[in-house]
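# Predicted model and sequence below, questions to follow.
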Amino acid sequence: MKVSTIIWGAAVAAALAFAYIAAAQEPSFKIDVQLVRLLVTVKNPAGDLVGSLESRDFELFDSGVKQDISVFEHQTNQPLSVTLLIDTSGSMARI
């Protein structure tokens, strides 16, 4: 038996062992939750906000299974961010 064959066989065995160990140690996370918070904004075809909806107007599915909506709240106090940019550079001067 040639030395190169032995080295090649050892390299293949080491690679297979490493792949098995790496696959066995792959992280897996599972959590059981009772309530998931969803923030939803509904607009009509014109782009106007629709604020008169109730929980009966929504259907919620998780992996194809219909879920009950246990808490439904109207939030009209949405956070607002405003940015004002004023360009006073020479490129904006009238000619």
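Now that the structure is in, tell me what you want to look at.
# Quick check: Ile86 vs Ala93, distance?
Per CB to CB, to the nearest Å, Ile86 is found 14 Å from Ala93. C-beta here means a position set from N, CA and C on the backbone, and glycine is covered the same way.
# correction: Asp48
Using CB to CB, one gets 39 Å for the distance from Asp48 to Ala93.
# Equivalent analysis for Leu60, please.
Distance, Leu60 to Ala93, by CB to CB: 56 Å.
# Comparing these two, which residue is more hemmed in?
Leu60 (13 against 7; other CB atoms under 10 Å).
# Could you tell me which residues make contact with that one?
Neighbouring residues of Leu60 by CB atoms under 8 Å, 6 or more residues apart in numbering: Leu38, Lys66, Gln67, Asp68, Ile69.
# Leu80 versus that one, what's the distance?
Taking CB to CB as the criterion, Leu60 is separated from Leu80 by 27 Å.
# Repeat that for Gln67.
Noted for Gln67: a distance of 31 Å to Leu80, by CB to CB.
# and these two? which has more neighbours close in?
Gln67 (11 against 5).
# So what pairs up with the more buried one in the strands?
Leu60 (DSSP bridges).
# Give me the pLDDT for it.
The confidence metric pLDDT takes the value 90 at Gln67.
# same question, Ala22
Ala22 is assigned 62 on the pLDDT scale.
# Repeat that for Asp57.
Listed pLDDT for Asp57 reads 92.
# Any idea how many residues pack against it?
The tally of other residues near Asp57 (other CB under 10 Å) stands at 10.
# Need phi/psi at it.
With angles defined as degrees, to the nearest 10, Asp57 sits at phi -80, psi 0.
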